[in-house]
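Please work out how this folds:
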Amino acid sequence: MRKLKNSELDRLSVDEFKSTEKTPIIIVLDNIRSLNNIGSVFRTSDAFLVEKIYLCGITAKPPHKDIHKTALGSTDTVAWEYVENTLDVIQKLKADQVIVASIEQAEQSVMLNDFTPQPNSTYALVFGNEVKGVAQSVVSASDLVLEIPQFGTKHSLNISVSCGLVVWDVFCKMKA
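Residues are numbered from 1 along each chain as shown. Below is the predicted model of the structure:
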């Protein structure tokens with residue numbers, strides 16, 4: 001096997017990305033502290049043609065050198081918006097018929113491997129603070145809670161890892 005060169009990867013240009021049909025997934029970041037995590041979420045969102053990212057609360061906004069370090073230019077491709085209050089975004093999305101799913105450990109959560117997206121629906125995936133997770137008020141306002149099954153001694157994953165797992169899983173199920 002031979003590794004492919006960057007020139008062989010058939011990447012979209014920024015303009016092509018912006019005009020390409022997006023996956024009906026929206027990311028909501030609820031008070032993310034780490035700029036590296038924010039940048040990683042942008043990169044994952046670019047990879048899977050996520051429709052938009054909402055940056056809420058203390059979540060930093062581009063341009064910032066520490067976001068850029070991990071985003072690698074994806075802040076120029078993925079649509080994003082800053083909204084101070086996460087609940088305002090949730091209410092707006094629900095009014096637009098978007099299904100809101102918090103990624104959290106909660107009563108009555110649906111394990112990610114058991115989740116099947118509804119056809120022809122847009123999903124907003126809410127990821128929370130590195131220490132406190134998704135705010136309880138946001139969990140309560142969500143249509144459902146998705147939980148990533150975990151089997152070891154730790155019952156948490158880094159938010160950028162969680163985002164990669166969940167977006168990949170939902171993307172694959174939507175494309176099936």
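
so what's the backbone phi/psi at residue 169?
Main-chain torsions, residue 169, degrees, to the nearest 10: phi -60, psi -50.

Could you verify my assumption that it touches residue 110?
No - under the criterion of C-beta atoms under 8 Å, residue 169 makes no contact with residue 110, lying 11.8 Å away. From N, CA and C alone the C-beta is placed, and that goes for glycine too.

Which positions within stretch 38-49 qualify as buried?
38, 39, 40, 41, 42, 43, 44, 45, 46, 48, 49 (16 or more other C-beta atoms under 10 Å).

Using CSV, list the CA coordinates for it.
Provided in CSV are the C-alpha atoms of stretch 38-49 (Å, rounded to 0.1, in the frame of the first residue of the first chain):
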residue,chain,number,x,y,z
ILE,A,38,-13.4,24.3,19.2
GLY,A,39,-10.9,24.0,16.3
SER,A,40,-11.2,20.3,16.2
VAL,A,41,-15.0,20.5,16.1
PHE,A,42,-14.7,22.8,13.1
ARG,A,43,-12.4,20.3,11.3
THR,A,44,-14.8,17.4,12.0
SER,A,45,-17.7,19.6,10.8
ASP,A,46,-15.8,20.3,7.5
ALA,A,47,-15.0,16.6,7.0
PHE,A,48,-18.7,15.6,7.2
LEU,A,49,-20.3,18.7,5.5
